[in-house]
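> I would like the atomic coordinates for the input below:
(2 chains)
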Amino acid sequence: MPPRTSAILFEAAAPVPFALGWHWQRQLQARLLAEPGGPEALLMLQHEPCYTLGRGASNAHLGFDAAAPPLPLFRIDRGGEVTHHAPGQLVLYPVLDLQRHGADLHLYLRQLEGVVIDLLAEFGLVAERCAGFTGVWLEGRKLAAIGVGARRWISQHGLALNVNCSLEGFEAIVPCGLADRPVGRLSDWLPGITPQQLQAPLLAAFCRRFALELRPATIAETLPDWHQALDPDQPRQ
Amino acid sequence: MPALSSTMTEGKIVEWLKKPGDKVERGESVLVVESDKADMDVESFNEGYLAVVLMPAGGTAPVGETIGLIVENEAEIAAAAAQAPAAPAAAAPATPAPAPAAVAPAPVAAAVTPVRPAPVAAVIPAGAASSPAAAAGRIIASPRARKLATQLGVALEALRGSGPNGRIQAEDVEKAAGQPVSIPRIAEGSGPALAAANGNGASAAAAAPAGQAFGRAGEAVPFNTLQNAVNRNMLASLAVPCFRVGYTITTTKLDALYKQVKSKGVTMTALLAKAVAVTLARHPQVNAATSADGSAMAYPAAVNVAVAVAMEDGGLITPVLADADRTDIYSLARNWADLVSRARSKQLKPEEYSTGTFTLSNLGMFGVDRFDAILPPGTGAILAVAASRPTVVAGKDGSIRVANQMQVNLTCDHRTVYGAHAAAFLKDLALLIETNPDSLVL
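Okay, here's the model as predicted:
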């Protein structure tokens, strides 16, 4: 096994507005672009409710007027169609230099699917890929949505796993542009499961696939406005 | 259209970030390409001006297709724009070359060279000073670049060299081929020979999955990048005068040895590679190859045994066990395991799959009793290894016994390797495997 290299883990304890999470990713991407040998990073969080569209996405899959969306709507620099984020959905944004991981975008997508498949296998669930429909599927329902963007092979965006979120927000859209394929959430198979319980095993599964080990950020590596990711009920130093 | 994945056959242009006429800095994003659920910003390798957009946003282009032209200075924009539609896709580096006063009055005509659109980088820098490599009418390229260009099907005339005085380097060819990784060089293949040795291979055959297909009935599925690379190499072999020599080798002792060392992580592939390498060291003619221009026999400095590995998604790759004759069997086995795992995750460096001096292709694990292999370009011979199986063997004295035997079949380039060389090599290989396999693990 190749030696593992260390990546910085940023793990948010409170739901983060989409714009802030996106800003953080771009910060991390810019750091890696500026310092090509620098550390990779993982951002794990949940988002406040919102919709996002890939750069090439069609508005036809929105069940509402894009000018007056029911929730904040963002058109962002990733591939894929519309999706929905909400608390109860675990989001993982790896900011990796994909040249260190095969320099192959499709391989990267398959690896991200593999991470979720590995994770669910630990819980006794046999999830699968569906050729031509990127994402992770369980009994015909899509549990994890995947979409990435890269600049000079530095990735952003990543995967969103529905854990115990409300699926209501998906009703207003055609998720990923797939009309006949329903969205699911893990709590329908594993009653009582929470995102918090999945964070550590998801990170572990990711690190196995990508031969990484995680470390916390140094002071110099802290992200701007990171305090917004801290648990409001916990006392702060 | 750049290849962003070995399995990418086409890409959708999501957005042009620059308009024709816009200035483009080196390293600046020019457009966004989408493939599957991944977007990638594509950057210009050079400073210049975007002259022409040949494929508008929303359009889909096959990998390697020219989608736009970048020229070096503003004055060339009009010329490039005028030329572009006339020579649409094939215009590859349709260098709208306002001749750099320096050389020859030709370049404008040269610009129309009907260059095959090899999988060239996305936005082709077309610029005045850009083709000095071809300037004097002959191409200045390193030998390795020439070899790679043949292997990858890249037209050297079309390239701009990054070396001194515009010399085309190997990396320029690799870049033009849009292949950051994995170019295989040979034709036959299979997974590592983990189960080759024992018995008739029935158990291994039973464990094999149902036959693989890349498409469904009624479909026509385009070759992926890797498959295309293999295709090019196979076709190149048609220009080589090949012949084949077979040999039956008794493996009873080798199989017994394998059983002993299996628990130490030694695979049959490692044992076979070692046996071949040790024999090659004493048969340099079989390790040699005809030079690219066909003028000489080239004798490599080392014995590097490449072993063919099929890729799950099609195509194959030939990771190389370098200096296999001088590496101990345990290191060889470890190196092999590492190479295979990185090959499957597409993380091999070019020197790890392109420096073989001899190739081994093993289908023994499927119970195959004989086959022959296609010679990889740039080498002199490849050995096809079939399954070892219990066979009734008659001795010269009329005795009858049962022994494990396998058939091997050597494909050679007759320009360098003659029948007598091949036969002597196989005889020594058989002798080593039949009488002294223990020496392989010393």
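> need the residues that contact the helix or strand containing residue B:245.
Element membership for residue B:245, per DSSP states H and E: strand B:242-250. The contact list for strand B:242-250 (C-beta atoms under 8 Å, 6 or more residues apart in numbering or on different chains) reads B:370, B:372, B:375, B:393, B:403-414, B:419, B:422-423, B:426-427, B:429-430, B:433-434. For the C-beta atoms, the positions are set from N, CA and C on the backbone; glycine is no exception.
> can you tell me which of those residues are in strands?
B:393, B:403-413 (DSSP state E).
> any stretches of chain A with poor pLDDT?
In the prediction, chain A carries residues with pLDDT under 70 at positions A:1-3, A:234-237.
> which parts of it are strands?
A:5-11, A:40-45, A:50-53, A:73-75, A:83-85, A:89-95, A:128-130, A:133-138, A:141-151, A:154-162, A:212-216.
> can I get those in JSON lines with distance to chain B and mean neighbour count?
What follows is the strands of chain A, written out as JSON lines (distance: least, C-beta to the nearest C-beta, whole Å; neighbours: other C-beta atoms under 10 Å in any protein chain shown):
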{"stretch": "strand A:5-11", "distance to chain B": "13", "mean neighbour count": "17"}
{"stretch": "strand A:40-45", "distance to chain B": "15", "mean neighbour count": "23"}
{"stretch": "strand A:50-53", "distance to chain B": "12", "mean neighbour count": "22"}
{"stretch": "strand A:73-75", "distance to chain B": "11", "mean neighbour count": "16"}
{"stretch": "strand A:83-85", "distance to chain B": "10", "mean neighbour count": "26"}
{"stretch": "strand A:89-95", "distance to chain B": "13", "mean neighbour count": "25"}
{"stretch": "strand A:128-130", "distance to chain B": "12", "mean neighbour count": "14"}
{"stretch": "strand A:133-138", "distance to chain B": "4", "mean neighbour count": "22"}
{"stretch": "strand A:141-151", "distance to chain B": "4", "mean neighbour count": "25"}
{"stretch": "strand A:154-162", "distance to chain B": "9", "mean neighbour count": "25"}
{"stretch": "strand A:212-216", "distance to chain B": "14", "mean neighbour count": "15"}
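> quick one: strands adjacent to the strand holding residue B:245?
Here strand B:242-250 is paired, per DSSP bridges, with strand B:400-413 (antiparallel).
> so for the strand it pairs with, mean pLDDT?
In this model, strand B:400-413 has a mean pLDDT of 95.
> for stretch B:420-432, same thing?
Mean pLDDT, stretch B:420-432: 96.
> buried ones in that stretch?
B:421-422, B:424-426, B:428-430, B:432 (16 or more other C-beta atoms under 10 Å in any protein chain shown).
> on that earlier part again, looking at the strands of chain A, which is nearest to residue B:389?
strand A:128-130 (37.6 Å; C-beta to C-beta).
> adjacent strands (with direction) for that closest one?
For strand A:128-130, pairing defined by DSSP bridges yields strand A:133-138 (antiparallel).
> identify the residues contacting the strand it pairs with?
In contact with strand A:133-138 (C-beta under 8 Å, 6+ apart) are residues A:80, A:109, A:113, A:116-117, A:120, A:125-130, A:142-147, A:161, A:176, A:178, A:181, A:184, A:189, B:36-37.
> now it against strand A:154-162, angle please.
Orientation of strand A:133-138 against strand A:154-162 (axes from the mean of the first three to the mean of the last three C-alpha atoms, to 10 degrees) gives an angle of 30 degrees.
> now residue 77. Nearest residue, chain neighbours left out?
Looking at chain A here, since you left the chain open. residue A:149 (4.4 Å; C-beta to C-beta, 6 or more residues apart in numbering or on different chains).
> right idea, wrong chain: chain B
Spatial nearest neighbour of residue B:77, excluding adjacent residues (C-beta to C-beta, 6+ apart): residue B:51 at 4.5 Å.
> could you look up the SS state of that neighbour?
strand (DSSP: H, G, I helix; E, B strand; the rest coil).
> quick check: the residue nearest to residue A:77 touching residue B:35?
No. Counting by C-beta atoms under 8 Å, residue A:149 does not reach residue B:35; the two are 11.7 Å apart.
> and residue 168, how many neighbours?
Since you didn't name a chain, this refers to chain A. Using other C-beta atoms under 10 Å in any protein chain shown, residue A:168 has 10 other residues around it.
> let's do chain B instead
For residue B:168, using other C-beta under 10 Å, the count is 28.
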